[in-house]
Structure formats: C-alpha cells, structure tokens
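A.B. asks: pasting the sequence and the predicted model now:
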Amino acid sequence: MWNAETTFTVPTRIHCGIGAFDRLAALVPGARVLVLHGRSAQMLLERVRMLLAGRALHFLHVPSGEPTTDSVDGILRHARAAAPDALVGIGGGSVMDTAKATAALLCEDPGASCADFLEVDGTRHLSGKSVPTVTVPTLFGSGAEVTRNAVIFNPRTGAKRSLRHDALFPAVALVDPDLGLTAPRAARLAAAVDAWCHLTETLCSTRATPFTLPLSAEGMRLLLPVLPELPDDQTTATAAACASALGGIALTNAGLTFGHGVGAVLGPAAGISHGQACGLLLPEVLAEIGRASCRERV
C-alpha cells in the first residue's frame, strides 16, 4: 500500500499551548506590521499593541462571513498602502485565509485581482513569494493556521475556490487555547465539527499516508471526549486547538473527500456555516466510503 513515493510538508512553525500568544513579539519580524482581525479578536487588539510596542502597527477589520474576491481585493488595497514587513491574522478561518491570501498577493502585480489566481476560475499563477505571516486562531476547527490554501468565494462564478500555493503557508502559527474561550458556543461547536470532518475525511482519504494517519487518529482521540457538549474550559479548548492544527496538517498532505466539496456548495446555498454543512453530510460520506470499500473487495 505504501510503495508509492510519499511527501509530507509542514513548513509552518507551530507554537501550541496556553500562553503561546505571548510569543507574538519574538516571532513577528520587521518594523511595520499589518494586523488583520475579525470581530472575535476585538478584545485582543490592546494586547497586540502592548506586545508589539515600538512597531508601526496598522489594523484592518476583516468583514464577517466567508472571504470573497471583492473583500480580499479591498483588504489588499489597504495592505499595499501600509507596505507591511509582516502580517498577523487573528480570528477564525476566514480571517486567517484573508491574511494568507493578502500576504501572497502583496507580492504580485499591483493591478492584479485575487480572482486572477483562483483555482479553476483564474488564469494566472502565484509567483511563490509572500510577506511573512503569523496566524493566531480564535476559533479552533478550520486548520487554516497551518494550511497552504485560502478558500474564497467568487461572486462572479457563484463558487468557492482556493488560492493555493506553498507561499500561503504561514511562517508561524500561535495556537493558544485561551483565545477560544470567549467565542459563542454555537461558533465553537461548528468549528469543532469542521475539525472532526477534516480528521475523519483525512483518515479515509485515498491519499492518506503513514505520516498523516497518526495525525488524523490523534486529533479524533482528542476531540471525541469533548463532543458534542464542548464545555467552556481550558481542557476542552486545548483539545480543540490541537485537533484543529492536526486536521489542518493532515488535510494539507492527504486531501479531503467529496464531503467537503459538496459542503462548500451546501453551506452558502442553505445559509449555514461550513462546519454545519460538512457535519450534516458526514454520515452519507462515511456510508459511501463504506460502500466503495465493499465494492473493491468483491
């Protein structure tokens, strides 16, 4: 089964644990720093100012909801004016995806649009350069803090696409469980379900390898005891934070199943979160995988 050549990539330096956020100053390079943040990170901005005292800071609020080509282009215009040496993305998956996309697009032709580089829809390829980026998740589930892609909705085609390149890997991920304790339970639960789907689908993926399978299994072992109650405590937050990062590493190297592809369409169409959509589809995904396995044995 493992005779084929296998690759495994984790270029992001990951600091995971209570207090990891306090490492921010030591790990953000340069004098000019652009901080992209979501609504959930508002209360952290004063800590950012304190930790990065002496730097030239520029703060940009990322609109709620999933990133679109238009919202990324809008952020990009402000980012070009700020001319940052580094980016920090603090928030959920949408904020971190926006930060990663912005960091890469800052190194492209100023006249280019995000849509030009999307998979399927775009006609151009990223150069492979990026402004150093530090991701700081405040919701644990997307795994965006450690992945090489940014999921972006293209309103011109009505489809979710990815901006995908190794240049999108963050330089550093600060995964601090304490930062997720204040998020609403519904948001935390949807994120945790997304992580569970990542772990389950990577475990079943035809591209799974001896390197990814232990990550998927360990993430599931951590997350299972706290679902579905998801109590609001450090033990639960730590389990969710680790599971999210493990899922992100696993999906980057093993890919996902058709469930996430369908979920990307179902979520916007039904007006539900990505995690909810993928969670609703998971039983059918597992059933189909089971049927396919049975057919292969016949």
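C.D. replies: That came in fine, so what should we check first? Numbers count the residues shown, from 1 in each chain.
A.B. asks: what's the neighbour count on residue 224?
C.D. replies: For residue 224, the tally of surrounding residues (other C-beta atoms under 10 Å) stands at 12. Where C-beta positions appear, they are placed from N, C-alpha and C, glycine not excepted.
A.B. asks: how about it, secondary structure?
C.D. replies: When states are read from DSSP: H, G, I helix; E, B strand; the rest coil, the local structure at residue 224 comes out as helix.
A.B. asks: same question for residue 33.
C.D. replies: With three-state DSSP as the basis, the three-state label of residue 33 is strand.
A.B. asks: same question for residue 112.
C.D. replies: For residue 112, the secondary structure call by three-state DSSP comes out as coil.
A.B. asks: residue 105 is in contact with that one, correct?
C.D. replies: Yes: in this structure, residue 112 is within contact of residue 105 by C-beta atoms under 8 Å, at 7.1 Å.
A.B. asks: which one of the two is surrounded by more residues?
C.D. replies: When residue 112 and residue 105 are compared for neighbours, residue 105 comes out ahead with 26 against 15, by other C-beta under 10 Å.
A.B. asks: gap between residue 88 and residue 24?
C.D. replies: Distance from residue 88 to residue 24, counting by C-beta to C-beta, to the nearest Å: 7 Å.
A.B. asks: who touches both of these two?
C.D. replies: Contact with both residue 88 and residue 24 is made by residues 48, 134, 136, according to C-beta atoms under 8 Å, 6 or more residues apart in numbering.
A.B. asks: packing partners for the biggest helix by length in the chain?
C.D. replies: When the chain is parsed with DSSP state H, its longest helix is helix 274-297. Helix 274-297 is packed against helix 185-204, helix 258-270, with contacts defined by 3 or more C-beta pairs under 8 Å, 6 or more residues apart in numbering; DSSP states H and E.
A.B. asks: how close does the residue nearest to residue 194 when sequence neighbours are not counted get to residue 138?
C.D. replies: Counting by C-beta to C-beta, 6 or more residues apart in numbering, residue 275 is the residue found nearest to residue 194 once chain neighbours are left out, at 3.5 Å. Plainly put, residue 275 is 15 Å away from residue 138 if you go by C-beta to C-beta.
A.B. asks: repeat that for residue 271.
C.D. replies: Relative to residue 138, residue 271 is positioned 23 Å away (C-beta to C-beta).
A.B. asks: give the residue from the two that has the larger number of neighbours.
C.D. replies: Summary of the neighbour comparison: residue 271 and residue 138, criterion other C-beta under 10 Å, with residue 138 having more neighbours (26 against 8).
A.B. asks: now residue 52: phi and psi?
C.D. replies: The phi and psi torsions at residue 52 (degrees, to the nearest 10) take the values phi -110, psi 30.
A.B. asks: that one against residue 32, yeah?
C.D. replies: No: in terms of C-beta under 8 Å, residue 52 does not count as a neighbour of residue 32; the distance is 10.6 Å.
A.B. asks: run through the neighbouring helices and strands of the helix or strand that residue 46 is a member of.
C.D. replies: When elements are defined using DSSP states H and E, residue 46 is found to belong to helix 45-51. Helices and strands touching helix 45-51, by 3+ C-beta pairs under 8 Å, 6+ apart, are helix 24-27, strand 32-37, strand 56-61.
A.B. asks: thinking again about what came up before, ok, which of the helices and strands packed on helix 274-297 comes nearest residue 236?
C.D. replies: Nearest to residue 236 among the helices and strands packed on helix 274-297 is helix 185-204 (8.8 Å), distances taken as C-beta to C-beta.
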